[in-house]
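J.: using only what follows, build the 3D model:
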Amino acid sequence: MSQYQSEINRRRTFAIISHPDAGKTTLTEKFLLYGGAIAQAGIVKGKKNSRAATSDWMEIEKQRGISVTSSVMQFQYEGFCINILDTPGHQDFSEDTYRTLMAADSAVMVIDAAKGVEAQTRKLFKVCAMRDIPIFTFINKMDREARDPFELCEELEKELGLETYPVNWPIGCGKEFQGVYDRGRGEIIHFTSNGGAKAATATEVLLDDPNLDALIGPRLHAQLSDDIELLDGAAAEFDLERVRHGKLSPVFFGSALTNFGVEPFLEEFLRMTTAPLPRTAGELVVDCMDDDFSAFVFKIQANMNKAHRDRIAFLRVVSGRFDADKEVYHVQAGKKIRLSRPQQLMAAEREIIEEAYAGDIIGVFDPGIFSIGDTLCAPGKKFRFDPIPTFAPEHFRRVRSLDTMKRKQFLKGMEQIAQEGAIQIFKTPYTGMEEVIVGVVGTLQFDVLEYRLKNEYNVELYMEGLPYEYLRWIRSADGEPVKEENLILGTDVKLVEDYKGNQLLLFGSQWAIGWTQERNRDLTFYEFGGGIA
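T.: Residues are numbered from 1 along each chain as shown. Next up, the predicted model:
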């Protein structure tokens, strides 16, 4: 095998998904701890002097103890080159998570042992299932009072329609949580806490070890023996092929906070998950081992470095090898470009790189030429990867700068944040951009917008809620722009245009859409994203 092939084969690119507060960002920190990428793990929520989580780079994330953007981190562990995509758990940022899942080859689903499957878990699971990618389940917070492990596995199967295979099994829970039983090796892994910030100390003993009663206590020993008997009789058979097609989820138990079970999970996960997966471009299937470079943009982020006011486009390398000095073809722009300052990331930390391989996530400087979903490939190739889905906003507000003298900063900030995909901007036809209508999928995005405009662009905003919930693109029969006076519109319908000049209608109800269509027969209505309504 060539060095080129072995570099690609050792790459693992996965996303971590969960409902808010299940411990996803904490688990990400502990992976970095075991990989030697950080010396001491931070805590997402805690006292004032607590370190902020490494993957939470934006100031608002550190203050609120939530992730509001997808973070990208790369580290090495036992010969593997690992790219982690830590996603926001909060439903208001789900479109960022969906886009990030397009860049992942597998997903780690974190479940709270006390709460089980929650609403956001179901949504994110469906996106993974649509992509047929492997899903690994880490049942977290076993150091607290937890539900019965059999009940949790049954709920996973019932709620998600996914068979489960417990790879390990918990020994106790809450204050009695002492470790896990590794079913494949027939070994107990007993943990001793080192305070959570450093790796836990593990002692491995066989199930028939005569000192086991002294190690975990006779009651937990008896309980474990009964559980193993039940598991061996009832659990699904392990089938790696079914795991790799998202039909069977390996289940692991542990505590990210105390590090109990984190390293065994990481090791088994890396053994089971795949090298970079192919991607489709219409009829074409692009394999990771193809010699020619190709990649797609799945995320854009402005102002990661306040000192430079720069904008970074995140690329998922799909095939081949990327070299910093080579030209690539930007398909949407129809021209050759050189990617400026290619870098690998550890949340907000960056390192300039000379090369990257299929499976890697790299950031490149974006002077304003990239959009989410753009394809980059070797000169001479002109295929486009399948589009990344866009999501219709459901909440709208009228937004303007409180200080009219800061018009330039206001326009720049609004445009840059809109290009990241977090918000969508509309305006009334034949007016300027001094006042805009902002649409978002979740209302928390308005808080982030207000915070970022103030802290990154020194602009204070005035926001006013609007009564709209739906939007449709419109097109007249002759293709010419329509004028509001020529339309028959209800009181809860508004004509707007996006920053590309496309015309849309905002509606206060589903009923208003039908009413408006009925009275404006020469208009064609399109769902946001392009499909005919």
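J.: going by C-alpha atoms from here, please, whenever you check contacts or count neighbours.
T.: Noted.
J.: show me the contacts for Ala113.
T.: By Cα atoms under 8 Å, 6 or more residues apart in numbering, the residues touching Ala113 are Ile139, Asn140, Lys141, Met142, Glu145, Ala146, Arg147, Leu152.
J.: swap in Phe383?
T.: When contacts are counted by Cα under 8 Å, 6+ apart, Phe383 touches Ala281, Val331, Thr375.
J.: most surrounded residue in these?
T.: Thr375 (26 neighbours; other Cα atoms under 10 Å).
J.: and that one, its phi and psi?
T.: phi -100, psi 140 (degrees, to the nearest 10).
J.: circling back to that earlier point, same list (the contacts of Phe383) but as JSON lines, adding distance to Asp208 and pLDDT.
T.: Shown next, in JSON lines, are those (distance: Cα to Cα, whole Å; pLDDT from 0 to 100):
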{"residue": "Ala281", "distance to Asp208": "54", "pLDDT": "93"}
{"residue": "Val331", "distance to Asp208": "62", "pLDDT": "95"}
{"residue": "Thr375", "distance to Asp208": "56", "pLDDT": "96"}
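J.: and stretch 24-35, what's buried?
T.: Lys24, Thr25, Thr26, Leu27, Thr28, Glu29, Lys30, Phe31, Leu32, Leu33, Tyr34, Gly35 (16 or more other Cα atoms under 10 Å).
J.: same check on stretch 288-297?
T.: Within stretch 288-297, the residues that count as buried by 16+ other Cα under 10 Å are Cys288, Met289, Asp292, Phe293, Ser294, Ala295, Phe296, Val297.
J.: cool, and stretch 140-148?
T.: Per 16+ other Cα under 10 Å, stretch 140-148 contains these buried residues: Asn140, Lys141, Met142, Asp143, Arg144, Ala146.
J.: give me the subset of these that lies in strands.
T.: Counting by DSSP state E, the buried residues of stretch 140-148 place Asn140 in strands.
J.: which one of the buried residues of stretch 140-148 is nearest Val441?
T.: Asn140 (28.5 Å; Cα to Cα).
J.: name the nearest of the contacts of Phe383 relative to Arg219.
T.: Nearest to Arg219 among the contacts of Phe383 is Ala281, at 57.1 Å by Cα to Cα.
J.: could you check the distance from that closest one over to Ile488?
T.: Distance from Ala281 to Ile488, counting by Cα to Cα, to the nearest Å: 41 Å.
J.: before we move on, what about Ile425?
T.: Remark: distance between Ile425 and Ile488 (Cα to Cα) = 24 Å.
J.: quick one, which of the two is more surrounded?
T.: Ile425 (24 against 13).
J.: ok, that one to Thr431 distance?
T.: 14 Å.
J.: try Leu505
T.: In terms of Cα to Cα, Leu505 sits 16 Å off from Thr431.
J.: and these two? Which one has more around it.
T.: Using other Cα under 10 Å, the more surrounded residue of Leu505 and Thr431 is Leu505, with 19 against 9.
J.: you'd agree that one is up against Leu495?
T.: Yes. Under the criterion of Cα atoms under 8 Å, Leu505 makes contact with Leu495 at 4.7 Å.
J.: where in the stretch 251-400 of the chain is pLDDT low?
T.: Residues of the stretch 251-400 of the chain meeting the criterion pLDDT under 70: 303-309, 345-350.
J.: the strands in it, which residues?
T.: For the stretch 251-400 of the chain, the strands defined by DSSP state E, counting those that start in this stretch occupy 279-281, 284-286, 294-302, 311-319, 321-323, 327-330, 335-338, 340-346, 349-352, 355-357, 361-365, 375-377, 395-401.
J.: could the ones you listed go into TSV alongside distance to Leu85?
T.: What follows is the strands of the stretch 251-400 of the chain, written out as TSV (distance: least, Cα to Cα, whole Å):
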stretch	distance to Leu85
strand 279-281	18
strand 284-286	22
strand 294-302	11
strand 311-319	11
strand 321-323	20
strand 327-330	24
strand 335-338	25
strand 340-346	10
strand 349-352	15
strand 355-357	17
strand 361-365	9
strand 375-377	20
strand 395-401	27
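J.: any idea which helix or strand carries the residue of the chain positioned farthest from its centre?
T.: The outermost residue of the chain, judged against the average C-alpha position, is Pro210 (46.0 Å), by Cα atoms, centre = their mean. According to DSSP states H and E, Pro210 maps onto no helix or strand at all.
J.: next one: the one 3 residues further on
T.: Taking DSSP H and E as the definition, Asp213 sits inside helix 212-216.
J.: Leu231 now?
T.: helix 218-234.
J.: residues touching that helix, excluding its own?
T.: Ile171, Gly172, Leu212, Asp213.
J.: one more: stretch 283-296?
T.: Contacts for stretch 283-296 (Cα under 8 Å, 6+ apart): 5, 8, 276-280, 315-322, 358-359, 373-378, 385.
J.: of those residues, buried ones?
T.: Buried among these (16+ other Cα under 10 Å): 5, 8, 276-279, 315-322, 358-359, 373-378, 385.
J.: tell me where the stretch 1-150 of the chain has strands.
T.: Under the criterion DSSP E, counting those that start in this stretch, the stretch 1-150 of the chain contains strands at 11-18, 71-77, 80-86, 106-112, 135-140.
J.: and those strands, which one's lowest on average pLDDT?
T.: With a mean of 81, strand 71-77 has the lowest mean pLDDT of those.
J.: that one - contacts with which helices or strands?
T.: Identification of packing neighbours for strand 71-77 by 3 or more Cα pairs under 8 Å, 6 or more residues apart in numbering; DSSP states H and E yields strand 80-86, strand 340-346.
J.: quick one, that strand and strand 80-86 angle?
T.: Counting by axes from the mean of the first three to the mean of the last three Cα atoms, to 10 degrees, strand 71-77 lies at 160 degrees to strand 80-86.
J.: which of the residues in strand 71-77 are buried?
T.: So for strand 71-77, counting by 16+ other Cα under 10 Å, buried means Ser71, Val72, Met73, Gln74, Phe75, Gln76, Tyr77.
J.: now do it against strand 340-346, angle only.
T.: Using the same axes, to 10 degrees: strand 71-77 against strand 340-346 is 70 degrees.
J.: just the C-alpha atoms of strand 71-77, please, in PDB.
T.: Taking C-alpha atoms only, strand 71-77 is exported to PDB below (Å, rounded to 0.1, in the frame of the first residue of the first chain):
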ATOM      1  CA  SER A  71     -16.300  23.300  16.000                       C
ATOM      2  CA  VAL A  72     -13.700  21.300  14.100                       C
ATOM      3  CA  MET A  73     -10.800  19.600  15.800                       C
ATOM      4  CA  GLN A  74      -8.000  17.300  14.500                       C
ATOM      5  CA  PHE A  75      -5.800  15.100  16.600                       C
ATOM      6  CA  GLN A  76      -3.700  11.900  16.400                       C
ATOM      7  CA  TYR A  77      -4.500   8.800  18.500                       C
END
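J.: great, nothing more from me.
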